[in-house]
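Trainee: The sequence and its predicted three-dimensional model are supplied below.
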Amino acid sequence: MQNTGIAIIGSGSAVPTACLSNQAMMDLVDTSDEWIKTRTGISQRHIAAAGATLSALATDASRNAIAMAGISASDIDLILLTTSTPDDLFGSACQIQAALGADKAVAFDLTAACSGFLFGLVTAAQYIKTGVFQNVLLIGADVLSRWVDWQDRGTCVLFGDGAGAVVMQANSSDRLLGFKLKSDGSQNHYLNLSYAADSQELTPGVTVSKGAYQAITMNGKEVYRFAVQSVPEVIDKALFNAQISTEQVDWLLLHQANQRILDAVAQRLDIPKHKVISNLAQYGNTSAASIPLALDEAVRAGKIQNNDIIAASGFGAGLTWGAAIFRWGR
Ligand code: ACO
């Protein structure tokens, strides 16, 4: 019989080498190490060099995930790149496919901001559940430093660059135990990276809009309020769908946006601090990369062990949010 369960069997990550400390941020905007640490938990962020590509970062993370999974690039059926910052607006997944030499794989991009990895996980799972694909490479990668207003202290201190990836494989038992995804476009205006149009008249009566993108704009207070309210709710729903109690959860793996959000969500769910994965002090908010990056670090550090139950949740622009409950490993 065909395997239509899902196992997540390998992880990998990559970050740019250059770091921007809170101290260095003080040269850019009116801020302090103390303000950033106490309000966000962030100490530094990794920043992609000018000329560096998202595809190269994502390819490095993917190679590490593929090696841990013990498969080869030619075994991959699908490459799903979740990102809001592709090198090319037509998509960057195919560039990664070529760099990996994954000649059998179909590759495409999916955008759901900081929920991208979570939405990608559930999307990829459907292809495995229906028996269409056996091996999926799921990547979360973002280079938000390209789109930050480095004069806006309310946003520029928050974001960093990075990439994380996992290999998902068809398995006899389903280790993706439950999930729940949500969107609310009526709150879209709280967090945007909007197209900035300049109109240009081509010929009399025919005007086109030609432009670039604005820097990130955010209503931090509203996004914060939304996160601490909606994330515990969606995790509860995913746990219910998985028939798993909060006591059975080994690790709470949230999108790494703000330490205060991590603490508040854990408190509402009554999950003790030692079960909360946190690495945002070193990386800041790396958007779609944050969950797989934190997952990979915890796996390689020996914290997350085979069979551990992970409650993961992403949230961000859209607004979008979601949770997935899965067992790590084969
Ligand atoms: N340094 C010093 N002071 C600052 C800074 C800074 N970097 N940024 C803002 N301030 C000031 C403000 O101007 C304000 O001053 P005022 O009282 O004189 O007006 C004061 O600090 C308080 O500002 P608040 O915005 O109320 O600060 P708050 O405690 O809400 O923290 C923060 C702001 C960290 C942005 C918080 O709201 C937050 O984390 N929100 C969620 C953000 C988030 O997670 N976004 C990403 C989602 S993921 C995605 O999809 C991209």
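Mentor: The structure has been received and is ready for your questions. Numbers count the residues shown, from 1 in each chain.
Trainee: host element of residue 124?
Mentor: helix 116-129 (DSSP states H and E).
Trainee: list the buried ones in that helix?
Mentor: The neighbour-count check on helix 116-129 (16 or more other C-beta atoms under 10 Å) flags 116, 117, 118, 119, 120, 121, 123, 124, 125, 127, 128 as buried. No exception for glycine: its C-beta is placed from N, CA and C like everyone else's.
Trainee: what about the second one, distance to residue 215?
Mentor: In this structure, residue 117 and residue 215 are separated by 23 Å, where distance is defined by C-beta to C-beta, to the nearest Å.
Trainee: And the fifth one, by the same measure?
Mentor: Using C-beta to C-beta, one obtains 25 Å as the distance from residue 120 to residue 215.
Trainee: how many other residues sit next to the residue in the stretch 51-200 of the chain that the ligand sits nearest to?
Mentor: Nearest to the ligand in the stretch 51-200 of the chain, going by C-beta to the nearest ligand atom, is residue 114, at a distance of 3.3 Å. Using other C-beta atoms under 10 Å, residue 114 is surrounded by 32 other residues.
Trainee: and if you look at residue 310?
Mentor: Neighbour count for residue 310, taken as other C-beta under 10 Å: 22.
Trainee: re the thing from before, ok, then the element right after the helix holding residue 124?
Mentor: The first helix or strand that comes after helix 116-129 along the chain, using DSSP H and E, is strand 135-143.
Trainee: all helices of the stretch 151-300 of the chain, in order?
Mentor: With DSSP state H, counting those that start in this stretch, the ranges of helices along the stretch 151-300 of the chain come out as 153-156, 220-242, 259-269, 280-283, 290-300.
Trainee: need the contact list for the residue of the chain found nearest the ligand.
Mentor: Nearest residue of the chain to the ligand, counting by C-beta to the nearest ligand atom: residue 316, 2.1 Å away. The neighbours of residue 316, taking C-beta atoms under 8 Å, 6 or more residues apart in numbering as the test, are 112, 113, 114, 115, 191, 223, 255, 257, 287.
Trainee: Surely the first one touches residue 119?
Mentor: Yes. Under the criterion of C-beta atoms under 8 Å, residue 112 is in contact with residue 119, at a separation of 4.1 Å.
Trainee: any common contacting residues for these two?
Mentor: Residues touching both residue 112 and residue 119 by C-beta under 8 Å, 6+ apart: 82, 314, 320.
Trainee: I'd like the residues you listed as TSV, with pLDDT, distance to residue 30 and secondary structure appended.
Mentor: As requested, the shared contacts of residue 112 and residue 119 are exported to TSV (pLDDT from 0 to 100; distance: C-beta to C-beta, whole Å; DSSP: H, G, I helix; E, B strand; the rest coil):
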residue	pLDDT	distance to residue 30	secondary structure
82	98	34	strand
314	98	31	strand
320	98	32	strand
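Trainee: Take these and lay them out in TSV including distance to the ligand and neighbour count.
Mentor: What follows is these, written out as TSV (distance: C-beta to the nearest ligand atom, whole Å; neighbours: other C-beta atoms under 10 Å):
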residue	distance to the ligand	neighbour count
82	12	33
314	8	32
320	8	23
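Trainee: On the three-state scheme, residue 310 is what?
Mentor: Secondary structure for residue 310, judged by DSSP: H, G, I helix; E, B strand; the rest coil, is strand.
Trainee: so what's it bridging to?
Mentor: residue 251, residue 326 (DSSP bridges).
Trainee: which residues touch it?
Mentor: By C-beta under 8 Å, 6+ apart, the residues touching residue 310 are 249, 250, 251, 253, 295, 304, 325, 326, 327, 328.
Trainee: when you check the ligand, which of those residues turn up near it?
Mentor: Among the contacts of residue 310, proximity to the ligand is found for none (C-beta under 6 Å from any ligand atom).
Trainee: what phi and what psi does the backbone show at the residue of the chain most remote from its centre?
Mentor: Computed with C-alpha atoms, centre = their mean, the residue of the chain farthest from its C-alpha average is residue 204, at 45.1 Å. When read as degrees, to the nearest 10, the backbone of residue 204 gives phi -50, psi 120.
Trainee: Can I get the contacts of residue 310 in TSV including distance to residue 69?
Mentor: Output for the contacts of residue 310, formatted as TSV (distance: C-beta to C-beta, whole Å):
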residue	distance to residue 69
249	24
250	21
251	20
253	19
295	14
304	15
325	21
326	15
327	16
328	12
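Trainee: Most neighbours among the residues you listed, which one is it?
Mentor: Highest neighbour count within these, by other C-beta under 10 Å: residue 253, with 29 neighbours.
Trainee: Pick out whichever of the shared contacts of residue 112 and residue 119 sits closest to residue 244.
Mentor: Nearest to residue 244 among these is residue 314, at 18.3 Å by C-beta to C-beta.
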